[in-house]
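1. just a sequence and a predicted model for now, questions to come.
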Amino acid sequence: MNNKILNKNRAGKRVKRHARIRQKIWGTAERPRLVVFRSLRNLEGQIVNDDVGHTLIGLSTMSPALDNFETEKQNVKLEKARAAGLLLAEQATEQGVKEVVFDRGGYKYHGRVMAFAEGAREGGLKF
């Protein structure tokens, strides 16, 4: 892809950063990759085995398991991201995944991305 096109906007710069990260990070069967995608409203996480190109588990903050999520705190999106990470980690341990490689997807390790990662750690995933 042309670099001039990628540098035009924020999303293009994120795609470039993610490509740079992906050169170094690779998920295997023993240690798959935990990928994060953040939109303005929601957050999605997937556990991917890059050797065969399969998504093992995927979860979003829109999933039915988190429909009745309530919090007393003011930042609902942050708390929902933490709960999604916790739920994804529980599903991963059920399938036998204990260690992952974290792929922040070109986003800063801050805010909802960090809350998702901390929730996954609380759920038992090691990375």
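-> Received, thanks.
2. nearest spatial neighbour of the most centrally placed residue in the chain, skipping sequence neighbours?
-> Nearest to the geometric centre of the chain sits residue 36, at 2.2 Å (CA atoms, centre = their mean). Closest residue to residue 36 apart from its sequence neighbours, by CB to CB, 6 or more residues apart in numbering: residue 105 at 4.9 Å. Where you see a C-beta, it was placed from the backbone N, CA and C, and this is true even at glycine.
3. one step back: report the next helix or strand after the helix or strand that the residue nearest to the centre of the chain is a member of in sequence order.
-> Per DSSP states H and E, residue 36 falls inside strand 33-38. Note on strand 33-38: by DSSP H and E, the next helix or strand toward the C-terminus is strand 43-49.
4. now do that following strand against strand 33-38, angle only.
-> 160 degrees (axes from the mean of the first three to the mean of the last three CA atoms, to 10 degrees).
5. now do the helix or strand harbouring residue 115, average pLDDT.
-> Assigned by DSSP H and E, residue 115 belongs to helix 112-122. Mean pLDDT, computed over helix 112-122, is 97.
6. what packs against that helix?
-> Helix 112-122 sits against strand 33-38, strand 43-49, helix 76-94, with contacts defined as 3 or more CB pairs under 8 Å, 6 or more residues apart in numbering; DSSP states H and E.
7. TSV for the ones you listed, including distance to residue 20?
-> Output for the helices and strands packed on helix 112-122, formatted as TSV (distance: least, CB to CB, whole Å):
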stretch	distance to residue 20
strand 33-38	15
strand 43-49	18
helix 76-94	24
